[in-house]
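# need a structure here:
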Amino acid sequence: MIHFGHANIIKHCSRPWASVEDMDQGLIDNWNSVVPEDGIVIHGRDFAFKDPMNYLPHLNGKIILVKGNHDSDRNDKHFWRVCDLLDLKANKQKIIVQHYCMRVWDKSHFNSWHFFGHSHGRLEPKGKSWDIGVDTNHYKPVSLANMSIIMSNRPDNENVIKGR
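Alright, predicted model coming up:
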């Protein structure tokens, strides 16, 4: 998703930075331009290729980390909360966050939302799902208000129960 400290991600995802140092600073600046100091960020894992403490002191907000495939469990203690799958309600909207994209998820038949990462924009979201990685979101976190706008323009989930 954000991949701090990962030089090869610049090439793999055609990121607009010449070096990992430039990328890291650009991502920190982008993050802090969106996240208030007291904000909460849900991060779909793949946070840092190196020690997350190289980056966490420079970032606004508290981070809920949803486990994926790159980060080490030994670094979990540095985050506000860590989980395998995040199931939450925000403004009465059910949201499921998981590192990997799912075809169906809890309450998807009622148009619940699903946020995922891992694919770096290479996997088209279906229905009320969205890739929350930086590669598909102008290299910065997306606010809940902006996600609400995005989701209002997305089609229904394929398995939605009509007429309810």
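
# which regions of the chain sit below the pLDDT cut-off?
For the chain, applying pLDDT under 70 flags the ranges 69-74, 164.

# mind doing that once more with 80?
Where the chain drops to pLDDT under 80, the residues are 1, 45, 68-76, 119-122, 163-164.

# so where do the helices sit in it?
Along the chain, counting by DSSP state H, helices occupy 8-12, 20-34, 144-152.

# taking those together, which one is wrapped up most tightly?
helix 20-34 (a mean of 17; mean count of other Cβ atoms under 10 Å). C-beta: built from backbone N, CA, C; applies to glycine.

# between that helix and helix 144-152, how big is the angle?
Angle, helix 20-34 to helix 144-152, by axes from the mean of the first three to the mean of the last three Cα atoms, to 10 degrees: 90 degrees.

# elements contacting helix 20-34?
With contacts defined as 3 or more Cβ pairs under 8 Å, 6 or more residues apart in numbering; DSSP states H and E, helix 20-34 has these neighbours: helix 8-12.

# give me the residues contacting the helix it packs on.
3, 15, 17, 18, 19, 20, 23, 49, 120 (Cβ atoms under 8 Å, 6 or more residues apart in numbering).
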